[in-house]
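Asker: Dropping a prediction and its sequence here:
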Amino acid sequence: MVLKDRYGTSHVASALSDGTLRFLALTVMEADPHGRSLLCLEEPENGRHPQRIAAVIELLEDIAVDSSLPVDSDNPLRQVIIDTHSPSVVACVDEGALLAAREVPAGAGDSIGAHLHLGHLANTWRSKVQPEALHIQRGDLIAYLDPLAAIDGAAKTARARVGATLRVYEREDAQLSLRLAGGSQ
């Protein structure tokens, strides 16, 4: 396989990264008006530069059927399911599409120790369809979207040790300014 870019330069597939090849394959799938399928993708962020994750999520959303429109050749019946541990991916998906897996202890007399429940965000279309279903707690979501907060506690303990070194994220020139819940700092 040879890819020719917009400048006319040819690139053999073996010279392209796995992430680039996966992105190209997804692009071809999105462009196929006859494609009707279920696409399951594990960790779509793998092999991608962090600044390109939003583009990958947007492409995956473009592949999936738009349920607000009728199914036709411009909106083929396609479903996309992804799994991830990446806060960057979670932050980019449509709020109504997010399901979070949570282990819930079994009730009294249940022979199984725990059950897996999929929770969704409150005040989305899923809440209207399943009002009694498990919701993702706002505090859990905020903590998940800010993984450095968990690391910070461990770093404070490490700094108490004699000779502890500065972690990269602790550098003053590497500090991030995060806006949570639509607010600004």
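Answerer: Thanks, I have it.

Asker: Distance of Ala143 relative to Ile151?
Answerer: 12 Å (Cβ to Cβ, to the nearest Å). Yep, even glycine has a C-beta here, placed from its N, CA and C like the rest.

Asker: what do you get for Thr165?
Answerer: 15 Å.

Asker: Ok, Asp18 next?
Answerer: 28 Å.

Asker: Repeat that for Ala31.
Answerer: According to Cβ to Cβ, Ala31 and Ile151 sit 40 Å apart.

Asker: Please say which of those two ends up with more neighbours.
Answerer: Ile151 (13 against 10; other Cβ atoms under 10 Å).

Asker: Average pLDDT for the helix or strand harbouring the more buried one, rounded please.
Answerer: Taking DSSP states H and E as the definition, one finds Ile151 inside helix 147-159. For helix 147-159, the mean pLDDT works out to 66.

Asker: Stretch 13-24 now?
Answerer: 86.

Asker: Need the contact partners of that stretch.
Answerer: By Cβ atoms under 8 Å, 6 or more residues apart in numbering, the surrounding residues in contact with stretch 13-24 are 1-3, 44, 46-49, 56, 59.

Asker: if we go to 10 Å?
Answerer: By Cβ atoms under 10 Å, 6 or more residues apart in numbering, the surrounding residues in contact with stretch 13-24 are 1-3, 11, 41, 44-49, 52, 55-56, 59.

Asker: any idea how far Ile82 lies from Glu172?
Answerer: Taking Cβ to Cβ, one finds Ile82 at 36 Å from Glu172.

Asker: more neighbours, the two?
Answerer: Ile82 (18 against 6).

Asker: what kind of secondary structure is the more buried one in?
Answerer: strand (DSSP: H, G, I helix; E, B strand; the rest coil).

Asker: now the strands for the protein?
Answerer: Assigned by DSSP state E, the strands in the chain fall at 2-4, 10-12, 38-42, 79-83, 99-105, 114-120.

Asker: Quick check: which helices or strands does the fourth one pack against?
Answerer: Applying 3 or more Cβ pairs under 10 Å, 6 or more residues apart in numbering; DSSP states H and E, one finds that strand 79-83 makes contact with strand 38-42, helix 53-63, strand 99-105.
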